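Colleague: model this:
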Amino acid sequence: MSMMICTRRHARWAMWAIFAVGAAGSVKGQPSVFTDLGSLSSAETRVLPIHLNTGDEMRWFRCTIDGAGEAGFLDLWTIPSCYCGGFVRLPRVGVYDSSGTRVRVSDLVTERTEAMLTFGAGDPRPPLTVIPPPEGFDPEAAPPFDGRDGVLPPGEYWFVFGSGLAAFGPSNWLVTNGTPPNDPERDTVLYIRIQPPDIPYCDGDFNWDGNTDQDDVLYLANVLAGGENPTGRWADYNRDGNEDQDDLLALVHTIAGGGCPE
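Modeller: Below is the predicted model:
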């Protein structure tokens, strides 16, 4: 039986079991145990290895951000260090605001059901990249990071991670988890990518091949000429409201080491 079929059956079972299991591993009210990430005000990607001490543990993180809207973004996703041993097969990530109101809960993406959330700027970033799958399993592309989960105004936010049977209440930081405490699936890595609104996002890798070079100039030139745009990147590279020759010149300037468009 393929891993994809197994994980889908596991997921269906998990959803039904949430309603049948008590509130083991529950949190009600502002969490007292958490990791304070401070102010996420630099363009960076935080890498947070997670080991759950028990299967039903919920791991909380608090931070402040400058906002994730049209001019900035915040992406969260999970990828274990390896698909072996006790990696979490059904990772769940919830986002709460400073009042304890649920903002969003992650989607499951890829054949190995990794968690993903993407807020803010809609210009797509490259999709989730996973390590090579075990022999006999085909890789599956995840959706691109494109802000589909909405906008986050500036402020304080709480991220919470759990596995399996985590359920995220609508208010008061209420989270329950019916995963058995002795469940062995306890390890993953949580990634948080931040692009503050006052720092222009100007990734020049239009064709998503991992490099920013002449091939990206040719890609953008083709899009501006009416050609196909498989990656979905916005052709308005300099964000002046027009898709024209000025975007091509701005990209050439960036590739030559001139920095982001002003």
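Colleague: residue nearest the centroid of this protein?
Modeller: Of all residues in the chain, the one closest to the mean position by CA atoms, centre = their mean is Leu76, 2.7 Å from it.
Colleague: and the nearest residue to that one once chain neighbours are set aside, what helix or strand is that in?
Modeller: What sits nearest to Leu76 in space, not counting adjacent residues and going by CB to CB, 6 or more residues apart in numbering, is Leu117, at 4.4 Å. C-beta coordinates here come from the backbone N, C-alpha and C atoms, glycine included. Element membership for Leu117 (DSSP states H and E) is strand 114-120.
Colleague: Other residues contacting that strand?
Modeller: For strand 114-120, the surrounding residues in contact (CB atoms under 8 Å, 6 or more residues apart in numbering) are 67-70, 72-79, 91-93, 95, 104, 106-109, 125, 128, 130, 142-143, 145-152, 195.
Colleague: Which ones among those residues lie within strands?
Modeller: Assigned to strands by DSSP state E, the following of these qualify: 73-78, 91-93, 95, 104, 107-109, 195.
Colleague: Most neighbours among those, please name it.
Modeller: Leu74 (29 neighbours; other CB atoms under 10 Å).
Colleague: if I look at it, how far off is Tyr157?
Modeller: Remark: distance between Leu74 and Tyr157 (CB to CB, to the nearest Å) = 9 Å.
Colleague: try Phe34
Modeller: Phe34 is 12 Å from Tyr157, by CB to CB.
Colleague: got any ranges where this structure has weak pLDDT?
Modeller: Within the chain, the segments meeting pLDDT under 70 span 1-27, 132-139.
Colleague: what does the domain assignment say about it?
Modeller: Following automatic domain parsing, the chain resolves into domains at 3-195, 214-258.
Colleague: Just the buried residues of the helix or strand following the strand holding Leu117, please?
Modeller: Note on strand 114-120: by DSSP H and E, the next helix or strand toward the C-terminus is strand 155-163. Buried residues in strand 155-163, counting neighbours by 16 or more other CB atoms under 10 Å, are found at 157-163.
Colleague: if I pick the closest residue to Leu174 other than its chain neighbours, what's in contact with it?
Modeller: Computed as CB to CB, 6+ apart, the closest residue to Leu174 that is not its neighbour in sequence is Lys28, at 5.1 Å. Counting by CB under 8 Å, 6+ apart, Lys28 touches 172-174.
Colleague: wait, which of these is closest to Gly226?
Modeller: Using CB to CB, Trp173 comes nearest to Gly226 of those, at 50.0 Å.
Colleague: Look at the closest one and give its secondary structure.
Modeller: When classified by DSSP: H, G, I helix; E, B strand; the rest coil, Trp173 comes out as coil.
Colleague: Who are the contact partners of the spatially closest residue to it that is not a sequence neighbour?
Modeller: With sequence-adjacent residues excluded and distances taken as CB to CB, 6+ apart, Trp173 is closest to Gly100, at 4.1 Å. Counting by CB under 8 Å, 6+ apart, Gly100 touches 29-30, 158, 171-174.
Colleague: before we move on, the earlier item: of the contacts of Lys28, keep whichever come out buried.
Modeller: Buried among the contacts of Lys28 by 16+ other CB under 10 Å: 173-174.
Colleague: Make a markdown table out of the contacts of Lys28 and add distance to Ala221.
Modeller: Written out in a markdown table, the entries for the contacts of Lys28 read as follows (distance: CB to CB, whole Å):
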| residue | distance to Ala221 |
| --- | --- |
| Asn172 | 53 |
| Trp173 | 50 |
| Leu174 | 52 |
